[in-house]
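>>> sequence first, then the predicted structure:
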Amino acid sequence: MKHKILVTGGAGYIGSHTCIALHQAGYEVVVFDNLSNSSAEAVNRVSQLIDAPIEFIKGDIRDRKALQKVFSEHEFFGVIHFAGLKAVGESVAKPLLYYDNNVSGTITLLDVMSEFSMKRFVFSSSATVYGDPETLPIPENAPRSATNPYGQSKLTVECVLEDLAVADNDWSLVTLRYFNPVGAHSSGIIGEDPNDIPNNLMPFISQVAVGKLEKLSIFGKDYATIDGTGVRDFIHVTDLALGHVAALDYLKEQSGSKEGHSVGFLPINLGTGKGTSVLELVDTFAKVTEQDIPYQFAKRRAGDIASCYASADKAKTLLGWEAKLSIIDMCTDTWRWQSRNPNGYNAS
Ligand code: NAD
Ligand code: UFG
């Protein structure tokens, strides 16, 4: 029998790639998404890629009744919870929206799961919870802090999950802290489709390459890094997707073991363990795609840190997962998606 997984936010960037990986690993997927930052076309394309229908439910995680309906109609092995808002700048302007969506929404989801005794949960957290890290590479037990409402919403949910694990040891609450997800499915059929002008580096570079944006601004050239620009742990979205499969496989193993079936609150970094500078990424993208990427240096962006990369040991030891794809793969696949879909999921 196939294990059925509820994927909230499954129409989004990381969710859509994870649906493919889950299907390929033999899981059955039900997508629940309000399409506030995505398009139903992404789900159609996933379905086309896996050559199988995907059950899609349009709904909001803050809508208790809608969730109760979903849980009463399906028997899930677990939930992967991607649904959330993620724009740092917008979170500063609209904190109530972010706390309502990301924190209240998650609490409603956990509450309904509890009502249906469904207690396996995989949460999309972020390296943002490490704030400005004291140690590099960053281990999971590093101190946590937040510098904006988005980061605070992730940190708050982590605290909720920790408290929940203490209160009820039936819960398995795997908290995956993503570093910098980039890239696209190797088919070029699905990828990242940001609304408006991208805030993040890779989609900005690819929109410059395709001619939608004129020039990249590199924020800061005087950081204490290899070339003065920021250093990040870029991770291919396909590797990230496989990290979720590894987390579920691990929960499957645990649920079959004698000594205990739940893992409590379990934070795990999903990164490559390697730092790449902004300039290195721009140069690699230009070389691999043979596109010109005009750029200028600009002042540091408020809230940015110099360097951030993961200790990826825990994921390897515990889940048997490690990132395999290179920066070249990330650039090649981003470009394939961007050049074939200059307007993302909009046909024109
Ligand atoms: P995304 O915006 O592409 O996907 C999120 C999806 O959730 C969207 O399809 C959106 O429509 C849906 N959604 C939002 N609020 C909802 C609600 N109330 N009810 C139902 N659906 C809702 O973002 P993504 O990049 O795929 O990120 C997925 C998750 O990973 C998010 O929680 C994000 O915070 C987290 N994360 C992302 C990054 C990154 O750089 N992309 C890094 C760290 C963590
Ligand atoms: N950068 C530029 N120019 C741009 C955009 C970014 O120089 O136009 C630089 C930034 O200054 C930074 C690096 O590129 O040095 C990466 O910036 P991103 O915005 O792509 O990513 P961040 O590391 O700032 O943040 C991302 C997500 C956060 C998440 C964090 C950790 O946006 O939500 O990764 O997971 F919390």
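Thanks, I have it. Ligands and ions are numbered 1, 2, ... in the order given.

>>> for residue 22, which non-adjacent residue is closest in space?
Excluding its sequence neighbours, the residue lying closest to residue 22 (CB to CB, 6 or more residues apart in numbering) is residue 29, at 5.2 Å. (Glycine included, C-beta is placed from N, CA and C.)

>>> you'd agree residue 71 is up against residue 114?
No - applying CB atoms under 8 Å as the test, residue 71 and residue 114 come out as separate, 10.3 Å apart.

>>> okay, the two: which has more neighbours?
Neighbour totals were compared for residue 71 and residue 114, and residue 71 leads with 18 against 14 (other CB atoms under 10 Å).

>>> show me the contacts for that one.
Each residue near residue 71 by CB atoms under 8 Å, 6 or more residues apart in numbering is listed here: 112, 113, 115, 116, 118.

>>> ramachandran angles for it?
Phi and psi for residue 71, reported as degrees, to the nearest 10, are phi -70, psi -30.

>>> let me know the pLDDT of it.
With respect to pLDDT, residue 71 scores 98.

>>> same deal with residue 170?
At residue 170, pLDDT is 95.

>>> what parts of the stretch 101-250 of the chain come near ligand 1?
Within the stretch 101-250 of the chain, the positions lying close to ligand 1 (CB under 6 Å from any ligand atom) are 101, 105, 124, 126, 178, 181.

>>> can I get these in JSON lines including secondary structure and pLDDT?
Shown next, in JSON lines, are these (DSSP: H, G, I helix; E, B strand; the rest coil; pLDDT from 0 to 100):
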{"residue": "101", "secondary structure": "helix", "pLDDT": "98"}
{"residue": "105", "secondary structure": "helix", "pLDDT": "98"}
{"residue": "124", "secondary structure": "strand", "pLDDT": "98"}
{"residue": "126", "secondary structure": "strand", "pLDDT": "98"}
{"residue": "178", "secondary structure": "strand", "pLDDT": "98"}
{"residue": "181", "secondary structure": "strand", "pLDDT": "98"}
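
>>> would residue 110 count as being in a strand?
No - going by DSSP: H, G, I helix; E, B strand; the rest coil, the assignment for residue 110 is helix, not a strand.

>>> that one: neighbour count?
With other CB under 10 Å as criterion, residue 110 counts 23.

>>> and residue 222, how far is that from residue 176?
For residue 222, the distance to residue 176 equals 33 Å [CB to CB, to the nearest Å].

>>> still on that earlier bit, so which of the contacts of residue 71 belong to helices?
Applying DSSP state H to the contacts of residue 71, the entries found in helices are 112, 113, 115.

>>> hang on, the first one packs against residue 67?
The reference is to residue 112. Yes - contact criterion CB under 8 Å: residue 112 and residue 67 qualify, at 4.3 Å.

>>> higher neighbour count, the two?
Between residue 112 and residue 67, residue 67 has the larger neighbour count (other CB under 10 Å), namely 25 against 22.

>>> with adjacent residues omitted, what lies nearest to the closest residue to ligand 2 within the stretch 51-200 of the chain?
Closest contact between the stretch 51-200 of the chain and ligand 2, by CB to the nearest ligand atom, is at residue 128 (3.0 Å). Residue nearest to residue 128 in three dimensions, not counting chain neighbours: residue 151, with 4.1 Å by CB to CB, 6+ apart.

>>> let me know the helix or strand that that neighbour is in.
Residue 151 is located in helix 149-167, with elements delineated by DSSP states H and E.

>>> show me where the chain has strands.
4-8, 28-33, 55-58, 78-81, 120-126, 172-178, 180-182, 216-219, 231-232, 234-236, 264-270, 276-277, 295-298, 307-308 (DSSP state E).

>>> buried deepest among these, which one?
Per-stretch averages of neighbours, counted by mean count of other CB atoms under 10 Å, single out strand 234-236 among those, with a mean of 27.

>>> can you pull the contacts of the residue nearest to residue 120 when sequence neighbours are not counted?
Distances taken as CB to CB, 6+ apart place residue 78 nearest to residue 120, at 3.6 Å, with adjacent residues excluded. By CB under 8 Å, 6+ apart, the contact list for residue 78 reads 3, 5, 6, 118, 120, 121, 122, 172, 248, 251.

>>> how about residue 327?
234, 276, 280, 281, 284.

>>> from those residues, which is closest to ligand 1?
residue 234 (10.0 Å).

>>> what bridges to the nearest residue to residue 325 once chain neighbours are set aside?
Of all residues not flanking residue 325 in the chain, residue 236 sits nearest, at 3.8 Å (CB to CB, 6+ apart). Beta bridges link residue 236 to residue 182 when assigned by DSSP bridges.

>>> quick one: pLDDT of residue 236?
Predicted confidence (pLDDT) for residue 236: 98.

>>> closest residue of the stretch 1-150 of the chain to ligand 1?
residue 12 (2.0 Å).
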